[in-house]
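*Asks:* here's a sequence, model it:
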Amino acid sequence: MSLTLVIGNKNYSSWSMRAWLVLKQANLAFTEQRVRFDSFDSQSQFKQSVLALNPVGKVPVLIDSTLGPDTAIWDTLAICEYLAERYPECQLWPADTADRSRARSLCAEMHAGFGALRSLCPMNIEATLPDVGARLWGDHAHLRDDVQRLIGLWRHQLLRSGGPLLFGDFCIADAYFAPVCLRLTTYALPLPDDVQAYVSQVLALPSVVAWVSAALAEHDFLPFEEPYRQAPVSNVA
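*Replies:* Residues are numbered from 1 along each chain as shown. Model prediction:
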């Protein structure tokens, strides 16, 4: 097996999830290597372990043994582009040129944008936080703006493609928005029915179901990832 994907905690690591979903949906064989979050300080075990693999010390990291012992691919978008290039038969981008360029634009916007949603509502699959979501929704106009942008973006693209996913069949763009679908669910942020239907389609993907199941099995509460709540009851000794 030539591919190894290095990831963080499945409950929290949204960028790890994106790359993992692409590999799973493409039915590509790979070895999963998990590096537990302990903190992101420069001297943390996590940071030191990942710095040994790539110069930015972040996950995910894709290692392809066919490229040589010192070659690693970091950054989720770079990983996805590499997989699409190496395995064109998996059709990870839409076949149509216009659709493919649009899918890349959607991923780039997700990669660089939606800052309020990402900072205020970090991914936490194990948690159910409607009260936190309601408070954040009322207090932060930028969060409401981010969700309205998502609604418009998804609605427009689903009308173009006819659904059920953004470009009909699964592609990298759906993997990019899967952690967003989980955030919207965890914090119970308001969505219209047609957009909620897309969220439900993403959450029903076999790869997403598998990731969520593994995240729920971790039972690894990290206080620095969850400043808005105390430890879950199931994790308290």
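
*Asks:* tell me which residues of the host helix or strand of A197 come out buried.
*Replies:* Assigned by DSSP states H and E, A197 falls within helix 193-203. Applying a neighbour-count criterion of 16 or more other C-beta atoms under 10 Å, one finds V195, Y198, V199, Q201, V202 buried in helix 193-203. From N, CA and C alone the C-beta is placed, and that goes for glycine too.

*Asks:* tell me the contacts of the closest residue to the second one other than its chain neighbours?
*Replies:* For Y198, ignoring the flanking residues on the chain, the nearest one in space by C-beta to C-beta, 6 or more residues apart in numbering is W154 at 5.5 Å. For W154, the contacting residues are L166, F177, V195, Y198, taking C-beta atoms under 8 Å, 6 or more residues apart in numbering as the criterion.

*Asks:* how about the strands in the chain?
*Replies:* Listed in chain order, the strands of the chain (DSSP state E) span residues 3-7, 31-34, 61-64, 73-74.

*Asks:* so what are the domain limits for this structure?
*Replies:* Domain segmentation of the chain under automatic domain parsing yields 3-90, 97-213.

*Asks:* which outside residues touch the worst-scoring helix or strand of the chain on mean pLDDT?
*Replies:* Across the helices and strands of the chain, mean confidence by mean pLDDT, DSSP states H and E is lowest for helix 45-51: a mean of 90. Helix 45-51 is contacted by residues 6, 8, 35-41, 57-59, 61 when judged by C-beta under 8 Å, 6+ apart.

*Asks:* report pLDDT for V233.
*Replies:* Looking at V233, its pLDDT stands at 52.

*Asks:* meant to ask about A237, not that
*Replies:* 33.

*Asks:* and the longest helix along the chain, what's buried?
*Replies:* When the chain is parsed with DSSP state H, its longest helix is helix 141-161. For helix 141-161, burial by neighbour count (16+ other C-beta under 10 Å) applies to L143, R144, D146, V147, L150, I151, L153, W154, Q157, L158, S161.

*Asks:* likewise stretch 29-45?
*Replies:* With the criterion 16+ other C-beta under 10 Å, stretch 29-45 contains buried residues F30, R34, V35, F37.

*Asks:* what number of residues lie near the nearest residue to the first one once chain neighbours are set aside?
*Replies:* Nearest in space to F30, with sequence neighbours left out and distances taken as C-beta to C-beta, 6+ apart, is L3 at 3.9 Å. Residue crowding around L3 was assessed by other C-beta atoms under 10 Å; the count is 18.

*Asks:* so who does L3 touch?
*Replies:* L3 makes contact with L23, L28, A29, F30, T31, L62, I63, D64, S65, according to C-beta under 8 Å, 6+ apart.

*Asks:* farthest-apart pair in those, please.
*Replies:* Among the contacts of L3, the pair separated by the greatest distance (C-beta to C-beta) is L23 and S65, at 15.0 Å.

*Asks:* out of the two, which sits in the busier spot?
*Replies:* Neighbours were tallied for L23 and for S65 using other C-beta under 10 Å; the higher tally belongs to L23 (24 against 12).

*Asks:* the more buried one against F30, yeah?
*Replies:* Yes: the pair L23 and F30 qualifies as a contact (C-beta atoms under 8 Å) at a distance of 5.2 Å.

*Asks:* A84 touches R100, doesn't it?
*Replies:* No: with contacts defined as C-beta under 8 Å, A84 does not count as touching R100, sitting 9.5 Å away.
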